[in-house]
Structures are given as structure tokens and as C-alpha cells.
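[1] Got a sequence here, can you build the structure:
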Amino acid sequence: MSRTVKAEEITKNIKEMCIEANHVLSKDMEELFMQSAKKEKSTLGKQIFGQLKENLDIAREDHIPICQDTGMAVIFLKIGQDVHIEGNNLTDAVNQGVREGYAEGYLRKSIVEPIERINTKDNTPAVIHYEIVQGDEIDITVAPKGFGSENMSRVFMLKPADGLDGVKQSILTAVREAGPNACPPMVVGVGIGGTFEKCAQMAKHALTRDLNEKPSVPYVRELEEEMLVKINKLGIGPGGLGGTVTALAVNIETYATHIAGLPVAVNICCHVNRHVHRIL
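    Residues are numbered from 1 along each chain as shown. Now for the predicted structure:
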């Protein structure tokens, strides 16, 4: 049996999620942030963590953005095949939610035409990823992405012979070259497999995974743990000023790929790693 969801309900939720994501750190991120702050060994690193914590508290209490870069709205939609959307076109409904959220939340509007650099003045269009799944629900994840960290993204089209060692070196290369520009401590999203665009999408989606959840595939879980240790040994530290906590987490997604390739994408996010999840 199909279920009807009004487009205006999607718009309302997207609006609220854009504001929430920019004002309040998600519970999983806040917990990991506090745990990591206790692990930082350098004096300067501890001070940076303290300043970042103060900023998070002010944003929450005063209902202002965590960061001045309120990002480009990235939306992941998992749409149940038994859902009928009534009213506005789905893409239009999502963009209207972003439009209203960035206006009502007094969020910076940063989206421009790529060459002429003319601002769209409402932070649309959003980047929307659609997936059709079983069921009669709509699963929404809103993840505003600032471009200090986004600009540090990398895609490596490795050869199959590069293997797991090549994957590890690619991740470390991306983080090392990002240095302080990604506003560490960071969360590192990695996509392995698929094609050029598939691995990049996986890397972005990996950033939205609840940080209390671990991969079910043993080698992926072990790779995440190993890379977190190696990244934190780079010494970049909080704010890029040196220390023992460069990354809060490494999240990896994998997908089958062609026999002739081994695509790897690395998408880094700063310490706020904004994401909000709801199911309609």
C-alpha cells in the first residue's frame, strides 16, 4: 500500500534541518569531540579544544551558526518506493526548504554561479542525492558543507596493483596536504571502489554516518582504526598548530569496482562535521 507525503512537509523538515545543522553539533559528534579533547596531549592543542568548545556552547545558547561558513546544502534522500509525493516537485520542495532555512536561520548565503560568481542569494540550488529503497518512508540527511574543508577533497584513480597500501597512502597524502586548511580536528570520509563519481559520493556520505556505528565488514573496520592512528601521528593537531589529535574519526564506505581500477576518494570535514537525520 502506498503512502502519501505532502511536498510541503518535506520543505518544512528541510528548513528546520538546515537551521539545526548549522546551530547545534549532532550528539554523536559532540560526544566524540569531548572524548578527543581529553586525549589531546599538547598544551596548545588543549587550548584550541577549549576555544572550540566555547564556540559550540555560544552557538547553541545564542542560536547562532557554529561557523561563519554555513556551507553548501548537501541532501541525501532515501525514498521508499511505496511513497507518493503530493504537491510540488520533489527537487523544488527540497530547494524551497533550503531557501527558507537559510533565510529564517540568518545563515550566510554562499552559492554562486561558477564562472561569473553571481550569488543566487538564497543558498540554492542544493546538491541532492536520491536513492530509491523499499518501504513507505523518506529518510533525509542534511549535511551543510563548508568549503575550507571541501577544497581539500581528493580523488585518486589507483591501479589494482596499488592495493590496500596504495589506498592507505592516498588517505595520508590527502590529509597531509590538507594540513591546517581543513580546520582540524577533522573527520575523514573515504570512498573506495565504484567509479570516479561513485567513490566521491561515498566519501561525502561517509561523513554523515553516526560515529557510534562501526562497519560490519572486518577489514573496513580495521582500516578505519589503523588510519585514525596514522593520521593522528602526522602531528597536524587542533587548528593545525600541532598536537596529538588531528582527526576525530575516519569513516569508510566501499563498493564493487571494475577489474582495471581502484578509485579512492577522500572528503575531509572540519571539527563540526554538520549533519542532521530525520525519517518522515
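
[2] just the strands in the stretch 101-250 of the chain please.
    127-133, 138-142, 154-158, 186-194, 247-257 (DSSP state E, counting those that start in this stretch).

[3] how about those strands, which one is nearest residue 16?
    Distance to residue 16, taken as CB to CB, is lowest for strand 138-142 among the strands of the stretch 101-250 of the chain, at 9.1 Å. In short, each C-beta sits where N, CA and C put it, glycine included.

[4] Phi first, then psi, for residue 243.
    Summarising the backbone geometry of residue 243 under the convention degrees, to the nearest 10, its torsions are phi 150, psi -170.

[5] repeat for residue 124
    Dihedral angles of residue 124 (phi, psi; degrees, to the nearest 10) stand at phi -110, psi 160.

[6] List the contacts of it.
    By CB atoms under 8 Å, 6 or more residues apart in numbering, the contact list for residue 124 reads 73, 95, 98, 99, 111.

[7] Ok, residue 144 next?
    When contacts are counted by CB under 8 Å, 6+ apart, residue 144 touches 18, 21, 22, 70, 71, 72, 73, 74, 274.

[8] for the strands of the stretch 101-250 of the chain, which one ends up most surrounded?
    Most buried of these by mean neighbour count (mean count of other CB atoms under 10 Å) is strand 186-194; its value is a mean of 25.

[9] model confidence over that strand, on average?
    Averaged across strand 186-194, pLDDT comes to 98.

[10] Give the partner strands of that strand in its sheet and their orientations.
    With DSSP bridges as the criterion, the sheet partners recorded for strand 186-194 are strand 247-257 (parallel), strand 262-269 (antiparallel).

[11] Which among those is found nearest to residue 150?
    In terms of CB to CB, the element of the strands paired with strand 186-194 nearest to residue 150 is strand 262-269, at 7.5 Å.

[12] The closest one vs strand 154-158, what angle?
    Using axes from the mean of the first three to the mean of the last three CA atoms, to 10 degrees, the interaxial angle of strand 262-269 with respect to strand 154-158 works out to 170 degrees.

[13] ok so, going back, got JSON lines for the strands paired with strand 186-194, with distance to residue 51 and mean pLDDT too?
    What follows is the strands paired with strand 186-194, written out as JSON lines (distance: least, CB to CB, whole Å; pLDDT from 0 to 100):
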{"stretch": "strand 247-257", "distance to residue 51": "16", "mean pLDDT": "98"}
{"stretch": "strand 262-269", "distance to residue 51": "19", "mean pLDDT": "98"}
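
[14] wait, which of the ones you listed is closest to residue 156?
    Comparing the strands paired with strand 186-194 against residue 156 with CB to CB, the closest turns out to be strand 262-269 (4.5 Å).
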